[in-house]
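Q: A structural model of the following input is requested.
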Amino acid sequence: MKKDRAIELLGGTPKKAAEAMGYRAVQTIYLWPDVLPQATADRVMGVVGRMSKPGKRRRRAQPTTQEHGHA
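A: Take a look at the predicted model:
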């Protein structure tokens, strides 16, 4: 994946891309090579997937009263 495409997917600017990736400094994006290593590209795609599904977080099931030993 090319750096420009990753930035586009992550919000369109290096600043938005850095925020989406959880980086404290936008300079981290500028340090990416023009063609991202596979591990970085995979992480970008994971972040993009989470961005497009804001309400799809997995929630832990709430225990029932029977699981607590209550009748």
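Q: Every contact and neighbour count from this point should use C-alpha atoms.
A: Fine.
Q: Let's verify Lys53: helix, strand, or coil?
A: coil (DSSP: H, G, I helix; E, B strand; the rest coil).
Q: How much space separates it from Leu36?
A: Relative to Leu36, Lys53 is positioned 24 Å away (Cα to Cα, to the nearest Å).
Q: and these two? which has more neighbours close in?
A: Applying other Cα atoms under 10 Å to Lys53 and Leu36 shows that Leu36 carries more neighbours, namely 16 against 9.
Q: middle-most residue in this structure, spatially?
A: In the chain, the residue lying closest to the centroid (Cα atoms, centre = their mean) is Val47, at 2.1 Å.
Q: Surely it is in contact with Glu19?
A: No - the criterion here is Cα atoms under 8 Å, and Val47 misses it with Glu19 at 10.6 Å.
Q: which residues touch the residue nearest to the centre of the chain?
A: 10, 20-21 (Cα atoms under 8 Å, 6 or more residues apart in numbering).
Q: element containing it?
A: Taking DSSP states H and E as the definition, Val47 sits inside helix 38-51.
Q: In that helix, which residues are buried?
A: Neighbour-count burial for helix 38-51 flags 41, 44-45, 47-48 (criterion: 16 or more other Cα atoms under 10 Å).
Q: can you check stretch 18-36 too?
A: Neighbour-count burial for stretch 18-36 [16+ other Cα under 10 Å]: 18, 20-21, 26, 29, 36.
Q: Over to that stretch now: how far is its first residue from its last?
A: End to end - Cα to Cα - stretch 18-36 spans 15 Å.
Q: From the rest of the structure, what touches that stretch?
A: For stretch 18-36, the surrounding residues in contact (Cα under 8 Å, 6+ apart) are 1-4, 10-11, 14-15, 17, 44, 47.
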